[in-house]
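Participant: following is a predicted model, sequence given first.
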Amino acid sequence: MPEAPEVEALVRGLENETRGATIDGFIIRSFSVLKTFEPKPEDFVGQEIAGWSRRGKYLRLETSGSFFMLLHLSRAGWVRIGQADKGASKMLAARITLGSDAINITEAGHEKRLAIWL
């Protein structure tokens, strides 16, 4: 798990890169990651990213609508911004597509503890 200063730097980077972008797609590739059943990831499609914040070591994505996502990276989780059409790796847990870019949420290792609440 990244320490609090690393999480803060990650939030600031995501804020600068994605604020104002429209969510074109949201897929969960690893069933164990999603900890809630409603709203569904598809409900985020069409929403604009209003901003990112941090609560301790949790990342919080807020949309222009009434939706938000809470993300805990655990020990081996990471968030990267990359190309949306790039192939999916084994480590990909979730992907939020933003036009030609995407927010890729990955987790390495055997212990799958990464968590997303919607």
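Facilitator: Arrived safely, thanks for sending.

Participant: so which helix or strand takes in the spatially most central residue of the chain?
Facilitator: Residue closest to the average C-alpha location in the chain (Cα atoms, centre = their mean): Ile105, at 5.4 Å. In the assignment (DSSP states H and E), Ile105 maps to strand 101-107.

Participant: who does the helix or strand bottoming out on mean pLDDT in the chain touch, helix- and strand-wise?
Facilitator: Lowest on mean pLDDT, DSSP states H and E among the helices and strands of the chain sits strand 77-83, with a mean of 85. Using 3 or more Cβ pairs under 8 Å, 6 or more residues apart in numbering; DSSP states H and E as the contact test, the elements touching strand 77-83 are helix 4-18, strand 101-107. The C-beta positions use only the backbone N, C-alpha and C, and glycine is treated the same way.

Participant: check which residues of the first one are buried.
Facilitator: Residues Val7, Leu10, Val11, Leu14, Thr18 are the ones in helix 4-18 that count as buried (16 or more other Cβ atoms under 10 Å).

Participant: pull the CA atoms of stretch 57-67 into PDB?
Facilitator: Taking Å, rounded to 0.1, in the frame of the first residue of the first chain, the C-alpha atoms of stretch 57-67 are listed here in PDB:
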ATOM      1  CA  LYS A  57      -5.400   6.000   2.100                       C
ATOM      2  CA  TYR A  58      -8.700   5.900   0.200                       C
ATOM      3  CA  LEU A  59      -9.000   7.600  -3.200                       C
ATOM      4  CA  ARG A  60     -12.400   9.300  -3.900                       C
ATOM      5  CA  LEU A  61     -13.600  10.000  -7.400                       C
ATOM      6  CA  GLU A  62     -16.700  12.300  -7.600                       C
ATOM      7  CA  THR A  63     -18.800  12.800 -10.700                       C
ATOM      8  CA  SER A  64     -20.900  15.800 -11.800                       C
ATOM      9  CA  GLY A  65     -24.000  13.700 -11.000                       C
ATOM     10  CA  SER A  66     -24.600  12.100  -7.700                       C
ATOM     11  CA  PHE A  67     -22.200   9.300  -8.100                       C
END
